[in-house]
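> need coordinates for the following:
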Amino acid sequence: MTDNTHKTQPESSAQPGRDLPFVAPCRQLEFMAPIRWIKLGWQDFKRAPKQSMSYGAIIVVLSYLITLLALTYGNLYSLLSLLSGFILIGPVVAIGLYSISCKIQEGHCLREGRRHFGSFIVLGFILLVIFLIWARSASMIHIFYPVESHAKLEKFLIFLSIGTGVGAVFSAIIFIISAFSLPMIMDRKVDVVTAVITSANAVLRNKMPMALWAALIVLSVIISFATAFLGFLILLPVIGHATWHAYLETIDAAEWPKH
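Numbering: from 1, shown residues only. Down below sits the predicted model:
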């Protein structure tokens with residue numbers, strides 16, 4: 001696929017009571033596909049800057065609140081743990097951005113939230129459980145933090161390596177199950193299990209392009225942290241819009257009826 005447009009997925013012709021596949025098929029992606037998604041996300045951002053930046057502003061404010069609470073009642077380590085965990089549940093924040101992109105592309109918003117509210121609750125609960133496990137793991141990792149006033153650099157590196165490794169595992173799990181599941185739930189009448197398995201299947205069948213996509217997301221987070229969270233004003237909406245285009249290009253969900 002080389003153009004910058006998506007064809008609207010055809011409406012499902014499935015009859016009531018007809019058994020649907022357990023997983024939606026995925027398309028094979030070229031390695032540079034994520035770059036195209038970013039370009040499409042940027043186009044959506046420019047078409048709806050106020051709505052998009054409002055979502056970015058929410059993340060900026062929440063990031064500052066987390067920083068204030070962590071430094072008031074904890075320490076720098078607590079701040080890093082909370083911010084890392086906050087990123088784990090970040091995909092839920094981008095839900096509204098999918099609707100904006102759908103409005104731009106197809107002329108209608110994904111507003112019928114009551115139909116898939118239950119699915120969001122279930123998936124949100126799954127992400128929350130993973131977040132809580134990560135928080136517990138982060139507190140356990142703290143035992144590796146050197147307490148000596150003049151600790152050797154090697155001890156700090158060991159602590160950072162263990163923390164980074166554990167965080168990477170949790171981030172990978174979140175990425176695999178949420179890369180395409182949330183936009184699919186918003187777009188189609190599909191259950192959480194099918195959406196999550198579809199997302200995992202698509203990620204694992206497109207390892208290289210999805211690795212690039214994950215790297216771009218991580219890079220946007222690093223840039224946002226380096227700019228005192230202000231990068232979230234633009235980068236988070238662009239990533240959110242790009243995720244919608246990634247879903248449309250990757251997942252063939254025509255078997256399931258639209259909301």
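> tell me how far Ala57 lies from Arg205.
To Arg205, Ala57 is 36 Å away according to C-beta to C-beta, to the nearest Å. Any C-beta I mention is one placed from the backbone N, CA and C, and that applies to glycine too.
> how about the strand or helix carrying Ser161: buried residues?
For Ser161, the host element (DSSP states H and E) is helix 153-178. Neighbour-count burial for helix 153-178, counted by 16 or more other C-beta atoms under 10 Å, picks out Phe159, Gly163, Val166, Gly167, Phe170, Ser171, Ile173, Ile174, Phe175, Ile176, Ile177, Ser178.
> next structured bit after that helix?
That would be, after helix 153-178 and using DSSP H and E, helix 181-187.
> and that next one, how far out from the chain's middle?
In terms of C-alpha atoms, centre = their mean, to the nearest Å, the centre of helix 181-187 is set 12 Å apart from its chain centre.
> tell me which other helices or strands that helix touches.
Judged by 3 or more C-beta pairs under 8 Å, 6 or more residues apart in numbering; DSSP states H and E, the packing partners of helix 181-187 are helix 95-106, helix 113-141, helix 192-205, helix 232-250.
> element containing Ser63, please.
Secondary structure (DSSP H and E) places Ser63 in helix 49-73.
> quick one on the thing from earlier: which stretch among the helices and strands packed on helix 181-187 comes nearest Ile38?
Closest approach to Ile38 among those is made by helix 232-250 (5.2 Å; C-beta to C-beta).
> what about the closest one, distance to the chain center?
Distance, stretch centre to chain centre, for helix 232-250: 9 Å (C-alpha atoms, centre = their mean).
> ok, now stretch 27-40?
Taking C-alpha atoms, centre = their mean, one finds stretch 27-40 lying 16 Å from the centre of the chain it belongs to.
> now stretch 215-222
11 Å.
> give me the buried positions along that stretch.
For stretch 215-222, the neighbour count (16+ other C-beta under 10 Å) marks Leu216, Ile217, Ser220, Val221 as buried.
> look up how far Leu68 lies from the closest residue in space to the third one that isn't next to it in sequence.
What sits nearest to Ser220 in space, not counting adjacent residues and going by C-beta to C-beta, 6 or more residues apart in numbering, is Leu235, at 4.1 Å. As defined by C-beta to C-beta, Leu235 lies at a distance of 22 Å from Leu68.
> residue ranges in the stretch 1-150 of the chain under the pLDDT threshold?
Low-confidence segments of the stretch 1-150 of the chain (pLDDT under 70): 1-19, 74-91, 107-120, 135, 138-139, 141-150.
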